[in-house]
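> sequence first, then the predicted structure:
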Amino acid sequence: MTERTTPDDITAAVLASFARSPDERLGTVMRSLTTHLHAFVKDVALTEEEWHAAIRVLTATGHITSGKRQEWILWSDALGVSMLVDALANRAPASGGGPGEDGWPAGAATESTVQGPFYVPGAPRRGYGERIDEMPAGEQLWVHGTVRSLDGRPLPGAELDVWQNGDNELYAVQDPEAPESHLRGRFTAREDGSYGFITVRPTPYPIPHDGPVGHMLSATGRHPWRPAHIHVIVRAPGHQPVTTHVFDRDSKHIDSDAVFAVKPSLLRELTARSADDPERPPGITGRWWSLASDFVLVPASQEG
Ligand SMILES: [Fe+2]
């Protein structure tokens with residue numbers, strides 16, 4: 001009598017089909033994918049109806065994706081995969097025993113987080129103390145600090161590539177009313193490693209939620225909001241660049257970021273300042289806020 005084919009036989013056949021992949025890494029990835037995907041299907045006892053629903057979701061994801069809308073990355077973000085890949089690529093920050101200003105652990109390298117979909121290369125170069133808002137976008141904010149190497153030495157010439165949203169929740173790239181360079185800029189650290197620029201308070205914003213990912217979020221009782229943050233990529237010669245955010249620690253949704261990008265070391269206090277505050281930088285009038293943040297880079301030769 002012929003033996004009946006079991007679910008495990010099916011899994012074994014698929015695994016065997018990848019045994020001779022000419023690309024060894026691809027073979028490893030496909031076998032692991034098969035193992036975990038089949039285990040998932042068995043674990044939830046996926047029904048035929050659910051399988052059809054999943055195909056519809058994937059099809060809709062393809063249809064809504066365009067040059068300006070990347071629903072696949074949104075899935076990766078909303079399922080925490082983007083943060084996981086970033087965390088694996090940028091392992092635990094090395095420690096170098098630096099001065100540890102700003103309440104940082106002494107010399108801890110700045111942690112990375114997701115780049116997100118709104119980065120546009122080639123932001124305008126701006127000078128120390130200049131502003132990045134090119135139209136009214138909210139309350140004035142002075143962002144300042146020092147870029148250092150892991151050993152605490154300042155890194156003059158380091159570049160800070162900055163982008164953020166304003167009080168209409170939009171990044172310039174999303175906003176047809178905004179100049180292309182609005183709320184974007186590249187700054188160079190001075191001889192002592194210091195940098196500073198004027199911007200506005202960033203605001204929380206929802207990730208695009210009118211597509212399949214949004215449906216998943218609402219169907220599972222989740223929300224699409226990200227807490228207020230400023231994006232920055234910090235680069236310096238001889239050092240590993242870091243792509244990260246600084247978060248307003250008092251922002252709404254700080255404990256439930258839709259893309260899981262908040263790390264405790266990236267939280268910053270925004271301090272309210274009066275018009276006559278002696279530390280008021282030139283270029284600011286009236287009431288303002290300040291945010292201090294140092295950035296610490298790992299030398300290129302040193303594993304993070
Ligand atoms: Fe963002």
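It's in.
> and stretch 77-88, what's its mean pLDDT?
Rounded to a whole number, the mean pLDDT of stretch 77-88 is 95.
> residues in contact with it?
Identification of contacts with stretch 77-88 by Cβ atoms under 8 Å, 6 or more residues apart in numbering yields 73, 75-76, 112-114, 116, 207, 213, 216-217, 222, 258-261. (Each C-beta comes from the backbone N, C-alpha and C, glycine too.)
> at 6 Å instead, please
Counting contacts by Cβ atoms under 6 Å, 6 or more residues apart in numbering, the residues outside stretch 77-88 that touch it are 76, 112, 114, 213, 259-261.
> please apply the same query to stretch 288-304.
Outside of stretch 288-304, the residues that reach it under the criterion Cβ under 6 Å, 6+ apart are 90-91, 94, 101-102, 109-110, 140-143, 145-150, 234, 236, 238-240, 246, 268, 270-273.
> quick one: which of the residues you listed sit in strands?
Among the contacts of stretch 288-304, the members found in strands (DSSP state E) are 140-143, 145-149, 234, 246, 268, 271-273.
> buried subset of these?
Neighbour counting over these (16 or more other Cβ atoms under 10 Å) leaves 140-143, 145-149, 234, 246, 268, 273 as the buried ones.
> now for those, which pair is the farthest apart?
By the measure Cβ to Cβ, Q140 and S149 form the most distant pair in these, at 31.1 Å.
> so how far is stretch 232-246 off the chain centroid?
Here stretch 232-246 is found 13 Å from its chain centre; the criterion is Cα atoms, centre = their mean, to the nearest Å.
> which element is the closest residue to G283 other than its chain neighbours on?
The shortest distance from G283 to any residue that is not its chain neighbour, by Cβ to Cβ, 6 or more residues apart in numbering, is 5.4 Å, and that residue is I198. I198 is part of strand 194-200 when elements are defined by DSSP states H and E.
> what's the next secondary structure element after that strand?
Where DSSP H and E defines the elements, the next helix or strand beyond strand 194-200 is strand 205-206.
> and the contacts of that following strand?
So strand 205-206 is in contact with 165, 169, 224-226, going by Cβ under 6 Å, 6+ apart.
> same deal with stretch 246-255?
Outside of stretch 246-255, the residues that reach it under the criterion Cβ under 6 Å, 6+ apart are 204, 225, 227-230, 262, 266-270, 293.
> same thing but at 7 Å, please
202, 204, 225-230, 232, 262, 266-270, 291, 293 (Cβ atoms under 7 Å, 6 or more residues apart in numbering).
> what subset of those is buried?
Applying a neighbour-count criterion of 16+ other Cβ under 10 Å, the buried members of those are 202, 204, 225-230, 232, 262, 266-268, 270, 291, 293.
> so which of these is the closest to T35?
Checking the buried ones among the contacts of stretch 246-255 against T35 by Cβ to Cβ gives V262 as the nearest, at 31.5 Å.
> and the closest one, which of the three is it?
Classification of V262 by DSSP: H, G, I helix; E, B strand; the rest coil places it in coil.
> where do the strands sit along the stretch 51-200 of the chain?
Using DSSP state E, counting those that start in this stretch, the strands found in the stretch 51-200 of the chain span residues 140-149, 159-164, 184-188, 194-200.
> and the residue nearest in space to the middle of the chain, what does it touch?
Geometric centre of the chain, nearest residue: V114, 2.3 Å, by Cα atoms, centre = their mean. Contacts were defined as Cβ under 7 Å, 6+ apart; by that measure V114 touches 77, 82-83, 86, 259, 261.
> is it possible to get TSV of the residues you listed that adds neighbour count?
Conversion of these to TSV gives the following (neighbours: other Cβ atoms under 10 Å):
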residue	neighbour count
D77	23
S82	21
M83	20
D86	17
V259	22
A261	23
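> just put those in TSV and tack on distance to L15.
Written out in TSV, the entries for these read as follows (distance: Cβ to Cβ, whole Å):
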residue	distance to L15
D77	30
S82	28
M83	29
D86	29
V259	33
A261	35
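> ok, those residues vs A158, which is closest?
Nearest to A158 among the contacts of V114, counting by Cβ to Cβ, is D86 at 20.9 Å.
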